[in-house]
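>>> just need the structure, nothing else, for what follows:
(4 chains)
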There are 2 protein chains.
Amino acid sequence: MGTPDARPARLDDVARAAGVSRATASRVLGGYGFASADARARVGAAAERLGYVPDPTARALVRGAGVRLVVAVVGRDDRVFDDPYVHRVVSAASRVCGPQGVGVALEWLPLADPSGLGRLGADRGVCGVILVNTTQAALDAVPARLRGRVVSIGRGSPTVPSFDVDNAAGADAVLRHLYATGRRRIAMVTGPRWLSCAERSVTAYRDLMGAAGAPARLVTGDFTAARGGTAALAALRRWPDVDAIYAASDATAFGVIAALRAHGLRVPHDVAVAGFDDLPYAAVSSPALTTATHPVDRIAAAAATAVLTQARVAPTTAFASTLVTRESA
Amino acid sequence: MGTPDARPARLDDVARAAGVSRATASRVLGGYGFASADARARVGAAAERLGYVPDPTARALVRGAGVRLVVAVVGRDDRVFDDPYVHRVVSAASRVCGPQGVGVALEWLPLADPSGLGRLGADRGVCGVILVNTTQAALDAVPARLRGRVVSIGRGSPTVPSFDVDNAAGADAVLRHLYATGRRRIAMVTGPRWLSCAERSVTAYRDLMGAAGAPARLVTGDFTAARGGTAALAALRRWPDVDAIYAASDATAFGVIAALRAHGLRVPHDVAVAGFDDLPYAAVSSPALTTATHPVDRIAAAAATAVLTQARVAPTTAFASTLVTRESA
DNA sequence: CGCACACCTGAGAGCGCTTCCACCACAAGC
DNA sequence: GCTTGTGGTGGAAGCGCTCTCAGGTGTGCG
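All right, here's what the predicted structure looks like:
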């Protein structure tokens, strides 16, 4: 701060100032092996005084660790970079990686050919991967070197632990709410059909509609607002009497609402709309969106921690989703 | 992909396969110094065949470069991590950093004490910093080692080049539109008053109101939706006859619209609302938001490129802002 | 023919750190 | 006495790369 700080302190400087060898200083600072109380105190004081910060690059090099955590998102095009859901994953990951001196990189894996993961395997800068919206093909493309350093938010595999929200329960809660408020002709705008998490919501929807003796009114979406709008219009054309639309993501729901309004329909008076994700905007949109929580922040933090600590984690970790009732349904 | 890939190829492997020394291989791959056409071809082929990816860690170590670009956001609390504006900066930076093997880290600099930048100066892992929403105090805290590796999106300084949107022009365009559509009692919800970019919008607002002989109706906001809501209510209380509210950010505008609706007012019928930023949601919100563009993506990409290439850049680069007319005003 | 000057190459010295290994002092046990 | 430990320490070998430096081979020119 005030100090000119011409050259940042190195381990040598600390060791010399403390009157010990580099090896001892490294042991003290790294917290492994033996060290006398005296040495510990002297090294600690010297490091403090010199404002020593270990060089994460050198440390990573010798440890063969890598210094970059990749958030790899499978999708049709690189607009995945703009997905608010992905943003939340990235910022949560940054929160846990920052203090460890690990940077985060955002990578797009084309849906048609997710083999880019193989390339990441050759990049020694990569210390781990968090897969988002992954497919079986992407899971299969995980290179050997990265085994145990890849986790998935969503679908998992025997070698890739999964951290996921309980889609079925969330969808169920939303649909029951719709039903409880008198809606009977409920259509659903799904997520991309290649996503297992999207399919789980669909299954929950089918089950509930089936139990109520109602037909399934399904339109395929892709989690984006734009597609949500066209899907809503398609639904209206096929089933003019729908009184509720369940969107598989909040972004989709926003598109649905905009389309409904453009069509002269009032939300929730004529058609109720509910989403899934509980994005920050859901609370301030007009009307405020009824949705189910998706604790991506906690999920991503857990995923990043698992990768960084290399701790053994359960093959599947589920996070609860709860209903948030607002104005739109 | 298919190959077992037990051990990623090193430079040694490439050199040996090509029948040259490590030095020559490095020169060819690095593209500096002399190399015969023959050597170039052999090394290139060997690297290709072995799937060689240089270790960014080792490269950074020897170059003393660092392998992490920090997006440092000044703010009151660490909710800056959730700011959609910051997200756009991060993803745009990731886009240019990824291919260079550089990771992105998100850092929060407390408004009250932005000296954390000093600590970053000691961290040799950091190859550069993009400051967001910065203050003079933060600018002053830039450590010597980072000089020339720090750029700012917003306010700059003699040692920190600035990449910024033309706030004044954007604000002016929005306000003129409001005026042109018959609004005369226009209130403004500002950004945080400590931000120079926020102040520039305020100046543009004052100028235009002054020229029209209208009083300035200012309420302080902080770019968040929540604060936008309370600010709108405060404005309504002080000037019950306002017929338009100009919000200094889209997020603020969303809060304003929600509050207005809760208050029984119709947008834009009773009160027109316009924002600034043109977030993705602005197009799908209800009503769709009239706003001015803020090309953060291009700005952040330019900033990241400047840091990475270490090219000399102009002290100030301005990006144009244009009006986007939708439903809310 | 000799000398300068190109172009090209490989040996090797690190970048800053971790960690293996040898070593030392001392205490306890046969 | 000698061994066997046990807590503590420093020397030194690398991690994979870049880049300087000392050559080596050719070409042009006096």
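>>> contacts, neighbours, all on C-alpha from now
Noted.
>>> name the SS class of A:Arg266, please.
Following DSSP: H, G, I helix; E, B strand; the rest coil, A:Arg266 is assigned to coil.
>>> mind telling me what element the closest residue to it other than its chain neighbours is part of?
Of all residues not flanking A:Arg266 in the chain, A:Leu260 sits nearest, at 7.2 Å (CA to CA, 6 or more residues apart in numbering or on different chains). Assigned by DSSP states H and E, A:Leu260 falls within helix A:250-262.
>>> residues making contact with that helix?
The contact list for helix A:250-262, computed with CA atoms under 8 Å, 6 or more residues apart in numbering or on different chains, reads A:189, A:221-233, A:246-247, A:266-267, A:273-279, A:282, A:289, A:291, B:284-288.
>>> in strands, which of the residues you listed fall?
Using DSSP state E, the members of these that fall within strands are A:189, A:246-247, A:273-274, A:291.
>>> redo these as JSON lines? Include neighbour count.
JSON lines is the format used below for the ones in strands among the contacts of helix A:250-262 (neighbours: other CA atoms under 10 Å in any protein chain shown):
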{"residue": "A:Val189", "neighbour count": "29"}
{"residue": "A:Tyr246", "neighbour count": "28"}
{"residue": "A:Ala247", "neighbour count": "31"}
{"residue": "A:Val273", "neighbour count": "30"}
{"residue": "A:Ala274", "neighbour count": "34"}
{"residue": "A:Thr291", "neighbour count": "34"}
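>>> out of these, which touch DNA strand D?
Applying CA under 7 Å from any atom of the strand, the subset of those adjacent to DNA strand D is empty.
>>> with pLDDT and distance to chain B added, can I get these in TSV?
As requested, the ones in strands among the contacts of helix A:250-262 are arranged in TSV below (pLDDT from 0 to 100; distance: CA to the nearest CA, whole Å):
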residue	pLDDT	distance to chain B
A:Val189	97	16
A:Tyr246	98	17
A:Ala247	97	14
A:Val273	98	13
A:Ala274	98	15
A:Thr291	98	16
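>>> low pLDDT regions in chain A?
A:1-6 (pLDDT under 70).
>>> could you say what helices and strands the helix or strand containing A:Ala187 packs with?
Per DSSP H and E: A:Ala187 is located in strand A:186-189. Applying 3 or more CA pairs under 8 Å, 6 or more residues apart in numbering or on different chains; DSSP states H and E, we find strand A:186-189 packed against strand A:217-219, helix A:225-238, strand A:244-247.
>>> mind checking which of these is nearest B:Phe34?
Comparison of the helices and strands packed on strand A:186-189 against B:Phe34 by CA to CA identifies helix A:225-238 as nearest, at 53.0 Å.
>>> kindly calculate the angle that that closest one makes with helix A:250-262.
Orientation of helix A:225-238 against helix A:250-262 (axes from the mean of the first three to the mean of the last three CA atoms, to 10 degrees) gives an angle of 50 degrees.
>>> what sits up against helix A:225-238?
Contacts for helix A:225-238 (CA under 8 Å, 6+ apart): A:187, A:189, A:217-222, A:242, A:245, A:247, A:251-260, B:284.
>>> likewise stretch A:74-91?
Counting by CA under 8 Å, 6+ apart, A:71, A:73, A:104, A:106, A:108-112, A:114, A:131-135, A:138, A:279, A:296-297, A:300-301, B:81-82, B:87-88, B:91, B:106 sit against stretch A:74-91.
>>> buried sites along that stretch?
For stretch A:74-91, burial by neighbour count (16 or more other CA atoms under 10 Å in any protein chain shown) applies to A:74-75, A:80-81, A:83-91.
>>> check stretch A:170-186 too.
Those would be A:170-179, A:183, A:185-186, for stretch A:170-186 by 16+ other CA under 10 Å.
>>> okay, these in CSV with secondary structure next?
Putting these into CSV (three-state DSSP) gives the following:
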residue, secondary structure
A:Gly170, helix
A:Ala171, helix
A:Asp172, helix
A:Ala173, helix
A:Val174, helix
A:Leu175, helix
A:Arg176, helix
A:His177, helix
A:Leu178, helix
A:Tyr179, helix
A:Arg183, coil
A:Arg185, coil
A:Ile186, strand
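>>> report the two of the residues you listed separated the most.
Counting by CA to CA, the most remote pair of the buried residues of stretch A:170-186 is A:Gly170 and A:Arg185, 19.3 Å apart.
>>> thinking again about what came up before, PyMOL command to pick out the buried ones of the contacts of helix A:250-262?
Listed next is the PyMOL selection for buried residues among the contacts of helix A:250-262, using 16+ other CA under 10 Å:
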select buried, (chain A and resi 189+221+222+223+224+225+226+227+228+229+230+231+232+233+246+247+267+273+274+275+276+277+278+279+282+289+291) or (chain B and resi 284+285+286+287+288)
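>>> next, count neighbours for the residue of the stretch 1-150 of chain A at minimum distance from chain B.
Distance from chain B to each residue of the stretch 1-150 of chain A (CA to the nearest CA) is smallest for A:Gly103, at 4.3 Å. Number of residues near A:Gly103 (other CA atoms under 10 Å in any protein chain shown) recorded here: 29.
>>> list phi and psi for it.
Per-residue torsions, A:Gly103: phi -90, psi 160 (degrees, to the nearest 10).
>>> which residues touch it?
A:Gly103 neighbours (CA under 8 Å, 6+ apart): A:67-69, A:94, A:97, B:67-69, B:102-105.
>>> from those, which ones fall inside strands?
Within the contacts of A:Gly103, residues falling in strands by DSSP E are A:68-69, B:68-69, B:103-105.
>>> just the buried ones from these, in PyMOL syntax?
Those of those that count as buried under 16+ other CA under 10 Å are selected in PyMOL with:
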select buried, (chain A and resi 68+69) or (chain B and resi 68+69+103+104+105)
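>>> reformat the ones in strands among the contacts of A:Gly103 as JSON lines; add distance to DNA strand D.
Below are those laid out as JSON lines (distance: CA to the nearest atom of the strand, whole Å):
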{"residue": "A:Arg68", "distance to DNA strand D": "15"}
{"residue": "A:Leu69", "distance to DNA strand D": "18"}
{"residue": "B:Arg68", "distance to DNA strand D": "17"}
{"residue": "B:Leu69", "distance to DNA strand D": "19"}
{"residue": "B:Gly103", "distance to DNA strand D": "17"}
{"residue": "B:Val104", "distance to DNA strand D": "21"}
{"residue": "B:Ala105", "distance to DNA strand D": "23"}
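>>> how about the residues of the stretch 1-150 of chain A by DNA strand D?
Close to DNA strand D, as judged by CA under 7 Å from any atom of the strand, the stretch 1-150 of chain A has residues A:19-24, A:33-39, A:58, A:61-64.
>>> apply 6 Å and report the result again.
Within the stretch 1-150 of chain A, the positions adjacent to DNA strand D are A:20-21, A:23-24, A:34-36, A:39, A:61-62 by CA under 6 Å from any atom of the strand.
>>> near chain B, from these?
Residues of these in contact with chain B (CA under 8 Å from any CA of the partner chain): A:Leu61.
>>> are any of the residues of the stretch 1-150 of chain A next to DNA strand D buried, and which?
Neighbour counting with 16+ other CA under 10 Å marks A:24, A:39, A:61 as buried within these.
>>> which one of those sits closest to DNA strand C?
Nearest to DNA strand C among those is A:Leu61, at 5.3 Å by CA to the nearest atom of the strand.
>>> the helix or strand that contains the closest one vs DNA strand C: in contact?
Assigned by DSSP H and E, A:Leu61 belongs to helix A:56-63. Yes. Legend: contact between helix A:56-63 and DNA strand C by CA under 6 Å from any atom of the strand is shown at A:58-59, A:61-63.
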